[in-house]
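Enquirer: Fold the following.
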Amino acid sequence: MRIALIGQQDFGRAVLEAFLARGDTVACVFCAPETGRPDPLRLAAEARGVPVHQFAKLTDPAAETALHEAAVEIGVMAYVTQFMPQAFCAIPRHGTIQFHPSLLPAHRGASSMSWAIITGRRTTGLSIFRPTDGLDEGPVLLQRKVRIEPDDTLGSLYFGKIFPLGVAALIEAAEGVVAGRLAALAQHEAEAGYEGIVREAESQIHWASHIDQTYNLIRACNPAPGAWTTVDGRKLYIFDCAKRAARVFAEVKGKRIGAVVAATPAGLVVHGQGGFIEIARLRFDGGKKIAAAEAGIAVGTVLGG
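Expert: Model (predicted):
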């Protein structure tokens, strides 16, 4: 196949390398201009001699010209944050396909994996679909399911499951579309859901919530952006943790919600609604991630107070 790859970061690089390893021709790569660290996709493409385009907007007529000149069979979107107009998507002979890390139409939006964990889902997955001007609203070509284990974090769910499956699914879908084997089916709008990006407001811990909700939130924000609380007026981000339900009233009698009730070599134990959150790793605002046992937070300290 002769493809144009539109994407960025490690996922985009992995997709590039997977197509090239098969002997496909990646005629060009489109990735967003960098504002910080070098983009792994750009570096990998340049190292393999693949032409790279970095347009501030893909609505730029020059972007359309570059894609026309590449004369590709299909466009493949692998982790794209730029808006792609339909005129651009339609240029490849067989159109364009896009990866999304949820079972569409559930969890449309940029934080789909986080919301799947936050809302307590046991199953999620990925979709390959035809992009439209509506965010994650296009017809679906194929899907793959994955189980969310009770201790999965955003990191383990993505890097351990959805990332490798997504690379393989993009190749399978591209082959199927070019060969005329895959039909795109409209999403069932009655089951659709959209959530915004998980930022500071969404990632704040409320210790009065049930520990199941608190635990889900912390896992869904690990490794980023980090679920947070406060201690002595400072923001404190919590990462690795475990939960333990309270079994009898005597376990929680006299304990204040959000209070550190124990400090052990493994970390800090915090009283939440319905049990305890055992924190193993955290970070003070502006600092680095450290073991919770090294944080110097005393027993009796109330978090979020």
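Enquirer: Nearest residue to the middle of this protein?
Expert: Among the residues of the chain, the one closest to the centroid is Met113, at 5.2 Å (C-alpha atoms, centre = their mean).
Enquirer: Quick check: which helices or strands does the helix or strand where it lies pack against?
Expert: Assigned by DSSP states H and E, Met113 belongs to helix 112-118. Under the contact criterion of 3 or more C-beta pairs under 8 Å, 6 or more residues apart in numbering; DSSP states H and E, helix 112-118 touches strand 123-129, helix 154-157, helix 211-220. All C-beta spots, glycine's among them, are computed from the backbone N, C-alpha and C.
Enquirer: how about those, which one is nearest Ala21?
Expert: Between Ala21 and the helices and strands packed on helix 112-118, the tightest spacing by C-beta to C-beta is seen for strand 123-129, at 19.1 Å.
Enquirer: Now do the buried residues in that closest one.
Expert: Within strand 123-129, the residues that qualify as buried by neighbour count (16 or more other C-beta atoms under 10 Å) are 124-129.
Enquirer: is it possible to export these to CSV including pLDDT and distance to Leu20?
Expert: What follows is the buried residues of strand 123-129, written out as CSV (pLDDT from 0 to 100; distance: C-beta to C-beta, whole Å):
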residue, pLDDT, distance to Leu20
Thr124, 98, 29
Gly125, 98, 26
Leu126, 98, 22
Ser127, 98, 24
Ile128, 98, 19
Phe129, 98, 24
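Enquirer: Please list all residues in contact with the residue nearest to Gly258 when sequence neighbours are not counted.
Expert: Nearest non-adjacent residue to Gly258, counting by C-beta to C-beta, 6 or more residues apart in numbering: Trp207, 3.7 Å away. Trp207 makes contact with 214, 229, 257-258, 270-273, 303-304, according to C-beta atoms under 8 Å, 6 or more residues apart in numbering.
Enquirer: please redo it, this time with the cut-off set to 6 Å
Expert: By C-beta atoms under 6 Å, 6 or more residues apart in numbering, the residues touching Trp207 are 257-258, 272, 304.
Enquirer: tell me which of those residues is nearest to His68?
Expert: His68 has its nearest neighbour among the contacts of Trp207 in Gly304, at 55.3 Å by C-beta to C-beta.
Enquirer: Just to check, the closest one is in contact with Ile257?
Expert: No: at 8.6 Å, Gly304 does not count as touching Ile257 under the criterion of C-beta atoms under 6 Å.
Enquirer: backbone phi and psi for the closest residue to Gln86 other than its chain neighbours, please?
Expert: What sits nearest to Gln86 in space, not counting adjacent residues and going by C-beta to C-beta, 6+ apart, is Asp133, at 6.1 Å. As for Asp133, its main-chain torsions (degrees, to the nearest 10) stand at phi -70, psi -20.
Enquirer: Can you give me the neighbour number for Ala47?
Expert: By other C-beta atoms under 10 Å, the residues close to Ala47 number 8.
Enquirer: From Ala245, how far off is it?
Expert: Going from Ala47 to Ala245 by C-beta to C-beta, to the nearest Å gives 51 Å.
Enquirer: try His94
Expert: As judged by C-beta to C-beta, His94 and Ala245 stand 52 Å apart.
Enquirer: next one: Tyr79
Expert: Here Tyr79 is placed at a distance of 37 Å from Ala245 (C-beta to C-beta).
Enquirer: More neighbours: these two, which one.
Expert: Set Tyr79 next to Ala245 and count neighbours by other C-beta under 10 Å: Tyr79 wins out with 22 against 12.
Enquirer: Which residue is the nearest non-sequential neighbour of that one?
Expert: Leaving aside its sequence neighbours, Tyr79 sits nearest to Phe11 (C-beta to C-beta, 6+ apart; 4.3 Å).
Enquirer: my guess is that neighbour is in a helix, correct?
Expert: Yes: using DSSP: H, G, I helix; E, B strand; the rest coil, the assignment for Phe11 is a helix.
Enquirer: How many residues are close by it?
Expert: By other C-beta under 10 Å, neighbour count at Phe11 equals 22.
Enquirer: Chain neighbours aside, what residue packs nearest to Ser127?
Expert: Ranked by C-beta to C-beta, 6+ apart and with sequence neighbours excluded, the top spatial neighbour of Ser127 is Leu104, at 4.2 Å.
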